[in-house]
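K.L.:
sequence first, predicted coordinates after that:
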Amino acid sequence: CSPCRYNSTTSTDTFTIEGKSYPKDSWHNLPPNITFYISRRLHTTKDHPISITRSIIESRFPSPTYKYHNKFFPIVTTHQNFDSLGFPLDHPGRSKTDTYYINSSTVLRTHTSAHQADTFRLNASEGFLISADVYRRDAIDRSHYPIFHQMEGARMWDRRTVPNGDIAAAVWADIERLPKHDMKVEDPNPPTHAERNPLQKEHRREEAEAIAAHLKRSLEGVVVEIFTRAKRAALAADPGFRDEPLRVRWIEAYFPFTSPSWELEVFWQGDWLEVLGCGVVKQSLFTNAGVPDQLGWAFGIGLERIAMLLFEIPDIRLFWSKDPRFLDQFKGVSDNFNNLRKFVPVSKYPACYKDVAFWLKSSSSAAGGGGKEMEFHENDIMEIVRDVAGDVAEDVRMTDSFTHPKTGRRSMCYRINYRSLERTLTNEEANEVHERVRGKLVEKLGVELR
Ligand code: FA5
Ligand code: MG
């Protein structure tokens with residue numbers, strides 16, 4: 001793979017992409033297969049389902065109240081991604097097993113919240129939407145991919161400019177102007193909880209409750225919009241289509257930069273699917289951004305999750321496909337949402353699974369005793385599989401793990417499901433890929449195959 005194919009170059013001491021160069025250090029952990037995707041920008045590609053989903057959600061948050069930002073660069077500082085949001089230094093999200101580092105102070109953003117503080121500081125509108133690609137070292141299955149897309153939304157009110165300084169009244173007046181809906185939403189918890197979901201000391205209860213109500217009504221509107229469009233698309237394909245009643249619920253959540261916080265879940269294909277996280281913005285963010293008189297809410301929504309509901313796209317890998325049998329199904333939808341049709345799966349090719357079992361390296365030999373087990377993180381396995389097999393890896397799951405009673409060594413077994421989205425994979429090909437995965441596990445992690 002030549003460097004220009006990735007539109008990036010990597011020498012031993014610098015990483016360069018789209019004309020920007022960054023010094024590398026011992027934190028650098030970006031594999032080339034990720035770099036390859038950085039410049040795709042699916043969320044602004046006309047007629048791509050991620051871009052269509054973005055536009056449909058934007059239609060619920062009209063300009064000029066909301067300003068749209070779709071071009072923020074994916075490489076940010078650890079300050080933007082973590083510190084500015086109040087992530088503690090020992091937060092697991094900061095670890096190299098979860099995050100792609102360019103160097104110790106520069107990362108591929110793990111969420112669109114990385115741009116919250118800077119956009120608050122701009123103070124250019126009452127609200128904003130930021131859509132972008134985000135990157136996480138993560139599991140391999142049909143709803144997880146190391147790159148996905150989020151949309152960040154926020155809405156602010158200014159204590160100095162609302163009539164009589166009455167934020168609650170101003171927010172309720174704005175709620176009256178939001179479109180109404182008759183979807184039933186399960187919301188069993190009170191808006192705040194003293195320990196788990198506290199009111200901020202800077203907020204009066206009626207202010208936080210009004211902001212929460214505006215936030216929830218706005219986001220419920222997104223779900224209604226998506227499901228109304230999905231139903232219309234299904235009916236166009238099959239006039240006899242009968243949908244199941246939609247089930248949606250709010251649950252308490254925790255984020256370092258909002259309080260109270262919630263997640264919205266939708267019941268889909270027999271399970272609750274989390275589609276977004278949100279909450280009342282911590283006042284410290286506004287203060288640090290130089291706009292201490294603002295109050296408001298923020299949310300972060302997963303665009304792939306919404307697109308999968310909207311088009312019934314069964315596998316997250318499909319979004320990266322360049323196969324016209326996939327892409328042509330969305331032609332003309334960007335210009336007219338009424339052209340939206342349910343996705344018709346390109347015939348599914350057979351899957352082929354292979355197991356790999358190994359002993360974890362015990363560091364006792366190296367350390368001269370103690371029998372301490374090597375540091376093991378599942379995401380390292382995921383990355384090796386992605387590196388070797390690419391999109392042919394559909395799913396990777398641990399199927400067994402035990403510790404030998406005498407030696408204290410740990411054995412693990414993983415099952416890897418190989419399936420191409422584009423053709424039938426022969427058993428020989430799967431074997432060949434699997435052999436290379438096994439080899440890399442030994443080479444990179446020092447495991448002993450069983
Ligand atoms: C966040 O990323 C927060 N920044 C969201 C937020 C913003 C909270 C503003 C409060 C205020 P979380 O990690 O839960 O939270 O991700 C948000 C959404 O992104 C999830 O609900 C899901 O829809 C989507 N998402 C998360 N991980 C993945 C993944 N690996 N693949 C696809 N979608 C994902
Ligand atoms: Mg979450």
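P.N.:
Sure thing, it's come through. Ligands and ions are numbered 1, 2, ... in the order given.
K.L.:
buried set for stretch 276-289?
P.N.:
276-283, 285-286, 288-289 (16 or more other CB atoms under 10 Å). For the C-beta atoms, the positions are set from N, CA and C on the backbone; glycine is no exception.
K.L.:
now residue 174. Nearest residue, chain neighbours left out?
P.N.:
residue 214 (6.1 Å; CB to CB, 6 or more residues apart in numbering).
K.L.:
over to residue 30?
P.N.:
residue 100 (5.0 Å).
K.L.:
quick one, phi psi at that neighbour?
P.N.:
phi -90, psi 120 (degrees, to the nearest 10).
K.L.:
so where do the helices sit in the stretch 101-250 of the chain?
P.N.:
116-122, 167-177, 205-237 (DSSP state H, counting those that start in this stretch).
K.L.:
picking that back up, will you turn the buried residues of stretch 276-289 into CSV that also has secondary structure, distance to residue 300 and pLDDT?
P.N.:
Output for the buried residues of stretch 276-289, formatted as CSV (DSSP: H, G, I helix; E, B strand; the rest coil; distance: CB to CB, whole Å; pLDDT from 0 to 100):
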residue, secondary structure, distance to residue 300, pLDDT
276, strand, 6, 98
277, strand, 5, 98
278, strand, 7, 98
279, strand, 10, 98
280, strand, 14, 98
281, strand, 12, 98
282, coil, 15, 98
283, helix, 19, 98
285, helix, 14, 98
286, helix, 18, 98
288, helix, 19, 97
289, coil, 17, 97
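K.L.:
state the pair within those residues that is farthest apart.
P.N.:
Using CB to CB, the buried residues of stretch 276-289 reach their maximum pairwise distance at 276 and 288, which is 24.3 Å.
K.L.:
could you list the domains of the protein?
P.N.:
For the chain, automatic domain parsing gives the domain ranges 40-74+109-339, 352-449.
K.L.:
what's the closest of the ones you listed to residue 32?
P.N.:
Nearest of those (CB to CB): domain 352-449, 8.3 Å.
K.L.:
interface residues of the stretch 1-150 of the chain facing ligand 1?
P.N.:
By CB under 6 Å from any ligand atom, the residues of the stretch 1-150 of the chain that approach ligand 1 are 111, 113, 136, 138, 144-145, 148, 150.
K.L.:
ok, the residue of the chain at minimum distance from ligand 1 - contacts?
P.N.:
In the chain, no residue comes nearer to ligand 1 than residue 302, which is 2.3 Å away by CB to the nearest ligand atom. When contacts are counted by CB atoms under 8 Å, 6 or more residues apart in numbering, residue 302 touches 148-150, 275-276.
K.L.:
against residue 315, how distant is it?
P.N.:
Distance of residue 302 to residue 315, given as CB to CB, to the nearest Å: 15 Å.
K.L.:
follow-up on the earlier one: of the residues of the stretch 1-150 of the chain next to ligand 1, buried ones?
P.N.:
Counted by 16+ other CB under 10 Å, those give 111, 113, 136, 138, 145, 148, 150 as buried.
K.L.:
pull the most distant pair out of the residues you listed.
P.N.:
Of all pairs in those, the most separated under CB to CB is 113 and 145 at 19.1 Å.
K.L.:
with just CA atoms, put stretch 381-394 into PDB.
P.N.:
Taking Å, rounded to 0.1, in the frame of the first residue of the first chain, the C-alpha atoms of stretch 381-394 are listed here in PDB:
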ATOM      1  CA  ILE A 381      -7.100  -8.300  19.200                       C
ATOM      2  CA  MET A 382      -9.800  -6.300  17.400                       C
ATOM      3  CA  GLU A 383      -7.100  -4.100  15.800                       C
ATOM      4  CA  ILE A 384      -5.000  -7.000  14.600                       C
ATOM      5  CA  VAL A 385      -8.000  -8.600  13.000                       C
ATOM      6  CA  ARG A 386      -9.000  -5.400  11.300                       C
ATOM      7  CA  ASP A 387      -5.400  -4.800  10.200                       C
ATOM      8  CA  VAL A 388      -5.100  -8.200   8.600                       C
ATOM      9  CA  ALA A 389      -8.700  -9.000   7.400                       C
ATOM     10  CA  GLY A 390     -10.100  -5.500   6.900                       C
ATOM     11  CA  ASP A 391     -13.800  -5.500   6.100                       C
ATOM     12  CA  VAL A 392     -13.900  -9.200   5.600                       C
ATOM     13  CA  ALA A 393     -14.100  -9.500   9.400                       C
ATOM     14  CA  GLU A 394     -17.700  -9.300  10.300                       C
END
